[in-house]
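Student: Have a look at this prediction, sequence included:
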Amino acid sequence: MAPRSAVLPPFLLLPLLLLPLLLASGAASSDILYRLHEEQPPNSLITSLAADRGLPDTGHLYKLEVGSPYLRVDSKSGDIYTTEVPIDRETLHDCRNLLEGDKCYLEFEVSITDMNKGFGAGPRLIEGRIEVLDVNDNTPQFPSPILALSIPENTHIGALFSITMATDRDSGVNGVAEYSLNTGLDADQLFSLQVATDGDEKQPQLVVMGNLDREVKDSYDLNIRVVDGGMPPRASSALLRVTVTDQNDNLPKFERDHYDAEMSETSPVGHSVLQVRANDADTGPNGEIDYSLHQASETVQRLLRIDRSTGVIYVKAQVDREEDNFLKFSVVAKDRGPNTKSSKVVVIIRVRDHNDNAPAIEIRGIGLVTHHDGVANISEEMPIGTPVALVQVSDRDEGENAVVTCVVARDVPFQLRPASESANDRKRKYFLQTTTLLDFERTREYQVVIVAVDSGNPALSSSNSLRVQVTDMNDNMPSFSPAMLEVFFAEGNQPGDKVLDVVASDVDSGMNAELSYSIVESSSSKLFEIDVNTGEVRVKNQLDREEVQRYEFHVAAADKGVPSKTGTATVVVNVLDRNDNDPKFMLSGYSFSVIENMAPLNPVGVVTVTDADEGENARVRLYVEPDNGKFVIQNGTGTILSSISFDREKESTYTFRLRAVDAGDPPRSSYVGVTINVLDENDNAPYVTKPSNSTYKYLAPGTDPEALVEVVEAEDMDSGQNAELIYSITGGNPYNLFHISPDSGEVTLAQEFARKHNGLHRLVVRVSDKGKPPRHTTALVHIFVNDTLGNVTHIEALVGYSLYTPLDKDIAGDPEYAHAQRTNTLYAVLAGIAGVILVIVVVVVIRHRLQKDAKSGYQPGKKENKDLYAPKQGPKNGKGKRSKKGKAPKPAKPLEEEEEASLQKGLKFNLINENVNDSPRIHLPLNYPPGSPDLGRHYRSNSPLPSIQLQPQSPSASKKHQAVQDLPATNTFVGTGDNNSTGSDQYSDYSFKAPQYSSKQVGDYYNAEYNRNIMWDNRVW
């Protein structure tokens, strides 16, 4: 179906929606006609029955009996609305096979009950029809996007050739209106279009306007367009492919201009219905004709077939007149010549009725009377003539076969009365109403049988039944005497003990006097239960006076009448006391939070415990379990005190339980769990895990801005805001070439490089947490900008020199600085050779001394009391701390702001270029982040030299060469760089020593016999 956007303009729609019309002569006054355009939106008002019928808009009950799911009616006002199910004229069952000019109707029925006159007055039934008007919601379509047409060459000018017609599901003016042809430049003088009117059809015909020569051009592609007459109009087009063929002079011609036939719906499969004949004046294959169905619907193709050679139409499947009362289609006759010619004729086959359907009887509720499982209930007080049901009798046959007679069988006090005055033999409606007053005491139930017989030959009949139950009036409430019952009942009872009996009476009889007892309050039903038949009240659980001393609830006695009536009484249960309660903490568990580093004997939290008993049974003492001396509790106040100072990094949570014991005999006790959560204090500085200070990143001068250069990664052992980090560039970026994300630490290129920017750039990155006050650390990011990466040894020498350059000096591609670096590198090589000889001598001496010390070196199975490769840290809060087993040590805290420009403690590396073909490496002292492998233990277990401990140097060194002093331990980790740089390697054969620096600034190492195992001495200068 086409989109539903094409609807009638509002100025044309409103008069049709609001104007009710009486049917033409012969219709009854109760039959109403409305007009409505299809595809209206949901909840569109169609009409108001109250206004149309002159009824008040209050005091009446309106109910839609027929018309769903397309319609709904307001039960109070009688307004009829559309629903969510759209009314589509093309898909309505009764409108599918309409002939041209036939109208489409949607039937509805509404029952109206006058509530002011009482139920016995009975409802009125209003029948109506809605004429569904067509809107232009369907686009005309050709049967195929490509239409083929064969025309023989040398066809005379003015010859006509029929083109396959387009179809439109809409009707009337919204159907096919006109055709147009677009020939193009090559066929503009050869073809034109004319439209012939054949009854209700518009047949497009191609007119030959010029001479066709197959040898010049054998085909033409034209565009044919069809437009309907709707407002706004809808259109579609197809490709008309004209093929020029050899000449075939004559068209097949049917003997009639149309064919009409009739068939019985009982016709068997294979029955011949009609034969169409056409003649062709040509001879040979040009005069031989083939027949085929044309523009046949799915129904026609399913039910009929045509013999291709003879034109005989046969029954293909069983036909049902009640589904399809006529079949309309076209037959095409084509000759078998090389240039096929064809003609068509319209065929209409009407299906003749056979009395093959028995009358159908539908019984449903009407007004306020509802039916459940074929049973209708009616009170004995209803007056004579009260409708019990609406009976609809219909027959799907037609004519005499559909004339039905309907009666009530057996001797019962019910009869049928026509529900409407409209004369419709195929569908009649009756009210099934009472003929006498009903008496419940005489007859409580009737089985009403309704029989319907049609007038066919032979006649067919059917029956349906309804069970009518007469209900008794119930006009008395059960009553209790007395209306209030009070009883005393001791606690500590056994479940199921009897409390008391309640008794009620009802002066009605039968079911109206049979009583059932219940407890009104659902909360009381959890503690008490009542026998539904005898009224005996029992306790379901053990009562506790300390919880509730007095219970008051209501019991109800309800009869079994319809509707049921109920009487109530009040029951009061007074509970006597016993000592049966444990001490009770106010919470099922306690959780307190304390700040770390809090002094001992400070309050941690307060707990509250109560006892519902009285006297000594309510006096409670509290105890800590297990009593390990870390916490104590004050009785009377419930205050928990700490005996220790907290360190979150050592232990973040403490759990224990409290025991509450009352003074009863025997005593009762209870327990509660307590959790102490240590809150973080910003006592740890961030430490950088990536990149290492000694690595570098290579960038080509043509690198695009916004390119990712490096990512600075850091961690903080604190938590919460104290562990949230902010990254910033504090130095080494004088040209603003680089930008760092404050949140992710991503370093990106901010602008394009100039030629002066070639060389090494050192960015000083500060990583700060969000604690109060904040703590920070500093990292170095080296970036080498050059066209090539040829002299890696030179680049590493530049990086090594930058580590001894003060942080307040910018290293940003200065060519003079690069020249100085190359000079210093030569000095560094010479100094390194001398340093190695000195280190060998010192190490031999130290090793000899350490062999006398039984505690030095790594001993398998012996627990290390400290990490010899980690910097010493001062005690926290003036006291030493023991690290929790398996927990990484905290990184060193950053120095003050004024010390940021000082030299990194213990920083030293040597570079020895022994083989120009080897890949140089940079070596630095190693400090490791928490969780890193114990490389110190590795060296102690694999090296013949004794283990050592690296100590930070005294800050007394010359400030001229102090740099990166506040870098955290992890930032001095010497690791391998990325794919564009060369990082440090503890197995490298090369080392570098800064020229002309005091030996107190660095620790010495040597490379023994080029075995790539680094040995450190145990002295620190």
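Tutor: Received it, and whenever you're ready, just let me know what you need.
Student: you'd agree Arg89 is up against Tyr70?
Tutor: No - if you go by CB atoms under 8 Å, Arg89 and Tyr70 don't touch, sitting 11.4 Å apart. Bear in mind the C-beta positions are built from the backbone N, C-alpha and C, glycine included.
Student: Of these two, which one has the most company?
Tutor: Neighbours were counted for Arg89 and for Tyr70 using other CB atoms under 10 Å; Arg89 has more, 25 against 17.
Student: Which helix or strand contains that one?
Tutor: Assigned by DSSP states H and E, Arg89 belongs to no helix or strand.
Student: Now do the contacts for it.
Tutor: By CB atoms under 8 Å, 6 or more residues apart in numbering, the contact list for Arg89 reads Glu38, Cys95, Cys104, Val132, Leu133, Asp134, Val135, Ser171.
Student: any idea which of those residues has the most stuff around it?
Tutor: Counting by other CB under 10 Å, top hit in the contacts of Arg89: Val132 with 25 neighbours.
Student: Now do the helix or strand hosting that one: everything it contacts.
Tutor: Following DSSP H and E, one finds Val132 within strand 124-133. Outside of strand 124-133, the residues within contact range by CB under 8 Å, 6+ apart are 8, 16, 23, 30-38, 46, 49, 53, 65, 71, 87, 89, 92, 95, 103-113, 366, 390, 419-420, 422, 429, 431.
Student: do the same with stretch 727-742
Tutor: 709, 712, 714, 726, 743-751, 753, 757, 761-768, 778, 783, 807-808, 810-812.
Student: what about 6 Å?
Tutor: Identification of contacts with stretch 727-742 by CB atoms under 6 Å, 6 or more residues apart in numbering yields 712, 726, 745, 747-748, 750, 762-767, 807, 810-812.
Student: quick one: buried residues of it?
Tutor: For stretch 727-742, a neighbour-count test (16 or more other CB atoms under 10 Å) marks Tyr727, Ile729, Gly731, Gly732, Asn733, Leu737, Phe738, His739, Ile740 as buried.
Student: partners of Val764 in the sheet?
Tutor: Beta bridges link Val764 to Gly731, Leu780, judged by DSSP bridges.
Student: and Ala281, how many neighbours does it have?
Tutor: Residues near Ala281, counting by other CB under 10 Å: 11.
Student: contacting residues around it?
Tutor: Contact analysis of Ala281 by CB under 6 Å, 6+ apart lists Asn250.
Student: going forward, begin numbering at 509 instead of 1
Tutor: Okay, residue one is now 509; in that scheme the one you just asked about reads as Ala789.
Student: Could you pull up phi and psi at it?
Tutor: phi -70, psi -10 (degrees, to the nearest 10).
Student: Same question for the one 4 residues further on.
Tutor: The main-chain torsion angles of Pro793 are listed as degrees, to the nearest 10 and equal phi -60, psi -30.
Student: ok, it touching Gly845?
Tutor: Yes - here Pro793 lies in contact with Gly845, judged by CB atoms under 6 Å, at a distance of 5.4 Å.
Student: neighbour-wise, which of these two wins?
Tutor: Gly845 (23 against 12).
Student: My reading is that Met981 is in a strand; is that accurate?
Tutor: No - going by DSSP: H, G, I helix; E, B strand; the rest coil, the assignment for Met981 is coil, not a strand.
Student: which residue packs closest to it, ignoring adjacent ones?
Tutor: The shortest distance from Met981 to any non-neighbouring residue, by CB to CB, 6 or more residues apart in numbering, is to Glu889 (5.8 Å).
Student: before we move on, what about Val1169?
Tutor: Per CB to CB, 6+ apart, closest to Val1169 is Ser1177, 4.4 Å.
Student: what about that neighbour, distance to Ala1171?
Tutor: Using CB to CB, to the nearest Å, Ser1177 is found at 11 Å from Ala1171.
Student: And for Ile1354?
Tutor: 72 Å.
Student: Which residues are in contact with Asp1224?
Tutor: Counting by CB under 6 Å, 6+ apart, Asp1224 has contacts Pro1194, Ala1231, Asp1277.
Student: In strands, which of the residues you listed appear?
Tutor: Mapping the contacts of Asp1224 onto strands (DSSP state E) picks out Asp1277.
Student: quick one: which of the contacts of Asp1224 is most hemmed in?
Tutor: Pro1194 (32 neighbours).
Student: Do I have it right that it meets Val1275?
Tutor: Yes - with contacts counted by CB under 6 Å, Pro1194 reaches Val1275, the gap being 4.7 Å.
Student: Quickly list what's touching both of those two.
Tutor: Counting by CB under 6 Å, 6+ apart, the common neighbours of Pro1194 and Val1275 are Ala1222, Leu1233, Thr1285.
Student: On the secondary structure side, give me the element for the closest residue in space to Phe837 that isn't next to it in sequence.
Tutor: In space, and not counting its chain neighbours, Phe837 is closest to Ala804: 4.2 Å by CB to CB, 6+ apart. When elements are defined using DSSP H and E, Ala804 is found to belong to no helix and no strand.
Student: cool, and Thr1333?
Tutor: Following DSSP H and E, one finds Thr1333 within helix 1323-1358.
Student: That helix packs against which elements?
Tutor: When contacts are defined as 3 or more CB pairs under 6 Å, 6 or more residues apart in numbering; DSSP states H and E, helix 1323-1358 packs onto helix 1300-1310, strand 1513-1515.
Student: Dump the ones you listed into a markdown table; add mean neighbour count, distance to Asp696 and mean pLDDT as well.
Tutor: Written out in a markdown table, the entries for the helices and strands packed on helix 1323-1358 read as follows (neighbours: other CB atoms under 10 Å; distance: least, CB to CB, whole Å; pLDDT from 0 to 100):
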| stretch | mean neighbour count | distance to Asp696 | mean pLDDT |
| --- | --- | --- | --- |
| helix 1300-1310 | 23 | 78 | 89 |
| strand 1513-1515 | 22 | 95 | 31 |
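Student: Using CSV, lay out these together with distance to Ser1153.
Tutor: What follows is the helices and strands packed on helix 1323-1358, written out as CSV (distance: least, CB to CB, whole Å):
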stretch, distance to Ser1153
helix 1300-1310, 43
strand 1513-1515, 40
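Student: Could you check the pLDDT of Trp1230?
Tutor: Not Trp; residue 1230 is Asn. Looking at Asn1230, its pLDDT stands at 88.
Student: again with Glu608
Tutor: Model confidence at Glu608, given as pLDDT, is 69.
Student: the strands in the stretch 659-808 of the chain, which residues?
Tutor: 668-670, 684-690, 699-706, 709-716, 727-736, 743-753, 761-762, 766-772, 780-783, 786-787, 797-802 (DSSP state E, counting those that start in this stretch).
Student: quick check, distance from the third one to the centre of its chain.
Tutor: Okay, so that is strand 699-706. 56 Å (CA atoms, centre = their mean, to the nearest Å).
Student: for that strand, which positions count as buried?
Tutor: Phe699, Leu701.
Student: now it against strand 709-716, angle please.
Tutor: Counting by axes from the mean of the first three to the mean of the last three CA atoms, to 10 degrees, strand 699-706 lies at 150 degrees to strand 709-716.
Student: Good, we can wrap up now.
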